[in-house]
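Participant: the amino acid sequence is not available; the structure is as follows:
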C-alpha cells in the first residue's frame, strides 16, 4: 500500500505501476510532491544526510520534488506497526506492579 507522507491518504493508483512516480507527480488528495525524500523508502532521519543510500547530493527540502536517482516509493504494509505495538505492550506489562 502506498501512502502520501504529507496527508496520509492511500494512493491506490500507484499499485498498478508498483510505486513508480515521475518527478512532477503530485498527490491526488493534498497535491504535495510524491517524488520526495519523505515518500522514499531510503529516507531515515538517523542516517547521515537522512538517507540510507550513499548519496553525494545534499537535498535541502525533503518534502519537495527532487532528482534523486535512488528514489523508490515507500510501500507501507497495512500490518506494519502491529508487531511493534504488541511488543511495547508486552514490555510495559513486565514493569506493571
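Facilitator: Alright, I've got the coordinates. Model, not experiment: these values are computed from the prediction.

Participant: use CA for all of it now, contacts and neighbours both
Facilitator: Fine.

Participant: please name the nearest non-neighbouring residue to residue 77.
Facilitator: Leaving aside its sequence neighbours, residue 77 sits nearest to residue 1 (Cα to Cα, 6 or more residues apart in numbering; 5.8 Å).

Participant: no no, residue 66
Facilitator: Residue 66 sits nearest to residue 36 (Cα to Cα, 6+ apart), 6.0 Å away.

Participant: now do the contacts for the one you found.
Facilitator: Applying Cα atoms under 8 Å, 6 or more residues apart in numbering, we find residue 36 in contact with 62-66, 71.

Participant: and residue 11, what does it touch?
Facilitator: Neighbouring residues of residue 11 by Cα under 8 Å, 6+ apart: 1-4, 27-28.

Participant: mind doing that once more with 7 Å?
Facilitator: By Cα atoms under 7 Å, 6 or more residues apart in numbering, residue 11 lies in contact with 2-4.

Participant: distance of it from residue 25?
Facilitator: Applying Cα to Cα, to the nearest Å, the value for residue 11 to residue 25 is 12 Å.
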